[in-house]
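Visitor: Quick one, structure for this:
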Amino acid sequence: MPDTSADIVFHDRMLSLGLARVSEAAAMASAKLVGRGDEKAADQAAVNAMRDQLNLLDIRGVVVIGEGERDEAPMLYIGEEVGNGNGPEVDIALDPLEGTTLTAKDMPNALTVIAMAPRGTLLHAPDVYMEKLAIGPGYPVDAVSLDMSPSERVAELAKAKGCDPSDITVCVLERPRHEDMIAELRSTGAAIRLITDGDVAGVIHCAEHEKTGIDMYMGSGGAPEGVLAASALKCMGGQMWGKLLFRNDDERGRAAKAGITDLNLIYSRDDMVTQDVIFAATGVTDGSILSGIKREPAFLETETILMRSKTGSVRRMVYRNPTSRPATGR
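Guide: The predicted model follows:
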């Protein structure tokens, strides 16, 4: 019988491996659709696998960050209950396939992404845009801010890093709305790494500068993805800020429905993720953070990053899943 006690402890260590399995299952389900040109089919496969695996976990979960309606994608919808009804009450933030276009075109940095935290501790971000700014660990608190212009952010980060602005590399989502910002950034001498999709991965790049070469992420993208990125940075270290952007009354209505009353609030990383969180991501296509799925005659191989904010642990796991069993002798 399901345990209905409301004070069951969130044992992040015990739940973390199960979360990795959820992420891996979604990636493997989308493997056969890499490069096939069908974004919706790839997303649907990842959604179905992620839902099935979540329902095996000893949790009473609620999806608070799910698939957005903007792209008319199949959803693990906001408010959907997941888990087997036992265990702690948790918030779930997920993107079953971040980079559906990247997957369909076999382009780099497609990921499956999921985060879990105690109930009521993840920001219920509405499906609107968010202005985002992120840097990696090791800098003074508020070394940069959303109140600064793009060029001021580069100058201040260079000062904090002890380098010239030309030594700073900024990751930006390549969109027409960012053209003026890109021009201003280039006027400082900073380098720009443009990405076509996948701004969760873009933010994570900042936390692994030595691996990725990225110092800072800025620009606007989906608010739900902002909460996922903040979850990763809470585990890896680094600072992040986000401000919701509203284009019309419908989007302001979504914020009201999510319980947001201050439409001008700037959220810090710890405002978006208020307690300990666990985070898992699995590579679907090769990228600068994770290797993509490798398809061999007898197995699929995935690489997953699994992180816990409580300990700051970052674990990389390679999983080889047989797709056929060798014949047994008589």
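
Visitor: which residues touch G83?
Guide: Residues in contact with G83, defined by Cβ atoms under 8 Å, 6 or more residues apart in numbering, are L54, N55, L57, D58, I59, R60, G61, V90. C-beta coordinates here come from the backbone N, C-alpha and C atoms, glycine included.

Visitor: which pair in the residues you listed spans the largest distance?
Guide: For the contacts of G83, the maximum inter-member distance is 13.3 Å, found between N55 and V90 (Cβ to Cβ).

Visitor: any idea which helix or strand comes after the longest helix seen in the chain?
Guide: Longest helix in the chain, counting residues (DSSP state H): helix 12-30. Counting by DSSP states H and E, the element after helix 12-30 in chain order, helix or strand, is helix 39-54.

Visitor: Can you tell me what sits against that following helix?
Guide: With Cβ under 8 Å, 6+ apart, helix 39-54 has contacts from 18, 21-23, 25-30, 32-34, 36, 61, 67, 73-76, 82-83, 92, 94, 96-97, 100-101, 103-104, 112, 114.

Visitor: got the buried residues for that helix?
Guide: Across helix 39-54, burial judged by 16 or more other Cβ atoms under 10 Å covers 39, 41-51, 53-54.

Visitor: Between the contacts of G83, which sits nearest M317?
Guide: L57 (17.4 Å).

Visitor: quick check, that closest one in a strand?
Guide: No: secondary structure of L57 (DSSP: H, G, I helix; E, B strand; the rest coil): coil, not part of a strand.

Visitor: Return the residues in contact with it.
Guide: L15, G18, L19, V22, V82, G83, N84, G87.

Visitor: Neighbours of the fourth one, how many?
Guide: Spelled out, it's V22. Residues near V22, counting by other Cβ atoms under 10 Å, number 27.

Visitor: re earlier: which one of N55 and V90 is surrounded by more residues?
Guide: V90 (27 against 15).

Visitor: got a list of what that one touches?
Guide: With the criterion set at Cβ under 8 Å, 6+ apart, V90 makes contact with F10, L15, I59, R60, G61, V62, G83, M116, A117, P118, R119.

Visitor: partner strands of the helix or strand encompassing it, parallel or antiparallel?
Guide: Using DSSP H and E, the element containing V90 is strand 89-98. The strands beside strand 89-98 in its sheet (DSSP bridges) come out as strand 60-65 (parallel), strand 111-118 (antiparallel).

Visitor: Run through the strands of the stretch 51-200 of the chain in chain order.
Guide: 60-65, 81-82, 89-98, 111-118, 129-135, 169-173, 191-195 (DSSP state E, counting those that start in this stretch).

Visitor: quick one: which helix or strand includes E303?
Guide: With DSSP H and E as criterion, E303 is part of strand 299-308.

Visitor: Go through that strand and flag the buried ones.
Guide: L300, E301, T302, E303, T304, I305, L306, M307, R308.

Visitor: and if you look at stretch 174-185?
Guide: In stretch 174-185, counting by 16+ other Cβ under 10 Å, buried: H178, M181, I182, E184, L185.

Visitor: Kindly indicate which of the residues you listed lies nearest V227.
Guide: After measuring the buried residues of stretch 174-185 against V227 - Cβ to Cβ - the closest member comes out as H178, at 20.9 Å.

Visitor: Need the pLDDT of that closest one.
Guide: Per-residue pLDDT puts H178 at 97.

Visitor: K32 versus G189, what's the distance?
Guide: Counting by Cβ to Cβ, to the nearest Å, the gap from G189 to K32 is 45 Å.
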